[in-house]
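K.L.:
Fold the following, please.
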Amino acid sequence: MAKSIAAAGPVEGPWALPDGWRWAHMGDIAHIVAGQSPLSSDCNRDGVGLPFFQGKAEFGRDVPSAKNWCERPPKMAEAGDLLVSVRAPVGPTNYASERCGIGRGLAAIRPSERSARWLRYWLQASVNTLLEKATGTTFEAITGDVLRSHLCPVPPADVQETIVTRIDELFAEIDDGEAALARARDDLATWRKALLKAAVTGELTADWRAANSPTEKGADLLTRVLAERRTRWRAASTNQGKRYNEPPSLAANVLPTIPDSWAWTTVETAGDVLLGRQRAPEHHSGDHMRPYLRVANVMEGRLDLRDVKKMNFTPREYETFALKYGDVLLNEGQSPELLGRPAIYRDEIPGCCFQKTLLRFRSTPAVIPEFALIVFRHYMHGKRFLRESRITTNIGHLTQVRFLPMEFPLPSLEEQHEIVTRIAAAEGAWDREVLNADLASTLRQSILTTAFRGDLA
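P.N.:
Reported below is the predicted structural model:
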């Protein structure tokens, strides 16, 4: 039977509690049943026809009825018992909806009247303390004795009920906020796709062009850009004695309409493209170890540099594969919906190179990197990269050969800057409105901390 909360003796806890509160071990205020592994045999005992729950975070039903128990009776949870996961993950809780057997991944807590919700919230608030006592190499787990000795703050019953009710109310508000946030994120995804499309078709800056008459037509802009490209290529020492090849022209009749002051060109004209260096065992050590970026580091519009690896790049290889400020990196191999995911390198890690799973786009003077990033983000969200890909084992590949001749919209540099400024302002406003996904969890933990220190009542 469950012990009364009032029956336990005084216990010293980690912090001072309000008058009338006290610390108690959970084993002194609740009956705790640690689950066991089911036995496989052909005979039944007390668990005939009863549901059996294994230790899962969602506490889903593992089998429709109890396993067969022969050598010992099953460990049972009663309807309304608080169930807690004691094996990886440690801490998730739920209530038993009916009498059932429980596996060794669970423990059942049968507290005194009206205190189940209090203990459930306390386990959520103090899960890190439980994790500190977990053992196991394959996965973490706590024993029934650890759970029984776990300290819990205990207020008078009326105060306890008041606090739990208030926690319920606050958590309900957070739940409503999370639901609204999920809807906002769905709206944001749709809105972002429309915004990026408007940016690369000229719709976003139609008012700007009306107030700032273009100084040249799109055809003149393209002629000038191609001439500058030809001049740069011939001036490069590595191209001496080689034949210059004009980039392929585009079929204008299959391209979206853009303003008269814009021009359609190719990725090859807009920038220089290179595939990264192959990762191989012989490069795992050497005298010239350097950091390099790979698919895991390139998110949409940002670099994740928490796990940057190194491999050997000879001085000549480094000259080829070194990244420069403003280089746009795109995922060459990725799940189809994220193929071509781009980000700009801004010297976050000096002396960094890149792996073969990435494409490097280094823009010409006619294109600012931030505008190229907008174009490539639009192509990712609009599945344009996917149409040029080849799929192998559910992974899409955007090869350099297919990437180079893709169409690229080209406005004047002035309008590119205006587009970049407007996109940054629009997305910045949304980012301030749409909260970080971790905020709800932080709010809940803050509420629980306040409640169990006696400040919420």
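
K.L.:
For my notes, confirm H31 occurs in a strand.
P.N.:
Yes. H31: assigned to a strand according to DSSP: H, G, I helix; E, B strand; the rest coil.

K.L.:
burial count for it?
P.N.:
Using other Cβ atoms under 10 Å, H31 has 16 neighbouring residues. Using the backbone N, CA and C atoms, a C-beta is placed for each residue, glycine as well.

K.L.:
beta partners of it?
P.N.:
Following DSSP bridges, H31 is listed with bridge partners R110.

K.L.:
Spell out which helix or strand contains E319, please.
P.N.:
Under the criterion of DSSP states H and E, E319 resides in helix 315-321.

K.L.:
Which residues does that helix contact?
P.N.:
For helix 315-321, the surrounding residues in contact (Cβ atoms under 8 Å, 6 or more residues apart in numbering) are L274, G276, R277, H288, R290, Y292, F313, G351, C353, F354.

K.L.:
Any chance of the residues you listed in CSV with distance to S363, secondary structure and neighbour count as columns?
P.N.:
Conversion of the contacts of helix 315-321 to CSV gives the following (distance: Cβ to Cβ, whole Å; DSSP: H, G, I helix; E, B strand; the rest coil; neighbours: other Cβ atoms under 10 Å):
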residue, distance to S363, secondary structure, neighbour count
L274, 13, strand, 15
G276, 18, coil, 21
R277, 21, strand, 20
H288, 28, coil, 13
R290, 23, strand, 18
Y292, 21, strand, 26
F313, 23, coil, 22
G351, 21, coil, 12
C353, 19, strand, 22
F354, 16, strand, 24
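
K.L.:
how about the helix holding E319 as PDB, C-alpha atoms only?
P.N.:
Listed next in PDB are the C-alpha coordinates belonging to helix 315-321 (Å, rounded to 0.1, in the frame of the first residue of the first chain):
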ATOM      1  CA  PRO A 315      50.500  22.800 -50.300                       C
ATOM      2  CA  ARG A 316      49.400  22.300 -53.900                       C
ATOM      3  CA  GLU A 317      46.100  20.700 -52.800                       C
ATOM      4  CA  TYR A 318      45.500  23.500 -50.300                       C
ATOM      5  CA  GLU A 319      46.000  26.100 -53.100                       C
ATOM      6  CA  THR A 320      43.200  24.300 -55.000                       C
ATOM      7  CA  PHE A 321      40.700  23.500 -52.200                       C
END
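
K.L.:
Report the buried residues of it.
P.N.:
By neighbour count on 16 or more other Cβ atoms under 10 Å, the buried set for helix 315-321 is E317, F321.

K.L.:
by contact count, what packs against whichever helix or strand comes after it?
P.N.:
As assigned by DSSP H and E, the chain's next helix or strand after helix 315-321 is strand 328-331. Counting contacts by 3 or more Cβ pairs under 8 Å, 6 or more residues apart in numbering; DSSP states H and E, strand 328-331 packs against strand 298-299, strand 342-344, strand 358-363, helix 369-381.

K.L.:
next SSE after the worst-scoring helix or strand of the chain on mean pLDDT?
P.N.:
In the chain, no helix or strand scores lower on mean pLDDT, DSSP states H and E than strand 61-63, which sits at a mean of 41. Later in the chain than strand 61-63, the nearest helix or strand by DSSP H and E is strand 76-77.

K.L.:
Following that following strand in sequence, what is the next regular element?
P.N.:
Downstream of strand 76-77, the first helix or strand assigned by DSSP H and E is strand 82-85.

K.L.:
now that next one, how far from the chain's geometric center?
P.N.:
Between the centre of strand 82-85 and the centre of its host chain there is 28 Å, according to Cα atoms, centre = their mean, to the nearest Å.

K.L.:
partner strands of it, parallel or antiparallel?
P.N.:
strand 93-95 (antiparallel), strand 106-111 (antiparallel).

K.L.:
end-to-end on stretch 337-347?
P.N.:
Stretch 337-347 has its terminal residues 28 Å apart, counting by Cα to Cα, to the nearest Å.

K.L.:
Show me how far it is from its chain's centre.
P.N.:
Relative to its chain's centre, stretch 337-347 lies at 15 Å (Cα atoms, centre = their mean).

K.L.:
which residues sit against that stretch?
P.N.:
Stretch 337-347 is touched from outside by 293, 298-303, 323-331, 334, 352, 361, 369-370, 373, 376-377, 379-380, 383, 385-386, 389, 396-398, with contacts defined as Cβ under 8 Å, 6+ apart.

K.L.:
Quick check: buried residues in it?
P.N.:
Of all the residues in stretch 337-347, those buried under the rule 16+ other Cβ under 10 Å are L338, L339, G340, R341, P342, A343, I344, Y345.

K.L.:
Got the phi and psi for the third one?
P.N.:
In this case it means G340. Main-chain torsions, G340, degrees, to the nearest 10: phi 80, psi 10.

K.L.:
Could you tell me which residues make contact with E203?
P.N.:
K197.

K.L.:
Ramachandran coordinates for it?
P.N.:
phi -70, psi -40.

K.L.:
From A134, how far out is it?
P.N.:
Separation of E203 from A134 (Cβ to Cβ, to the nearest Å): 56 Å.

K.L.:
quick check, nearest of the contacts of helix 315-321 to P409?
P.N.:
Nearest to P409 out of the contacts of helix 315-321 is L274 (Cβ to Cβ; 22.2 Å).

K.L.:
Excluding residues flanking it in the chain, which one is nearest that closest one?
P.N.:
R360 (4.8 Å; Cβ to Cβ, 6 or more residues apart in numbering).

K.L.:
try S126
P.N.:
H150 (7.1 Å).

K.L.:
contacting residues around the one you found?
P.N.:
So H150 contacts H25, M26, S126, T129, L130 (Cβ under 8 Å, 6+ apart).
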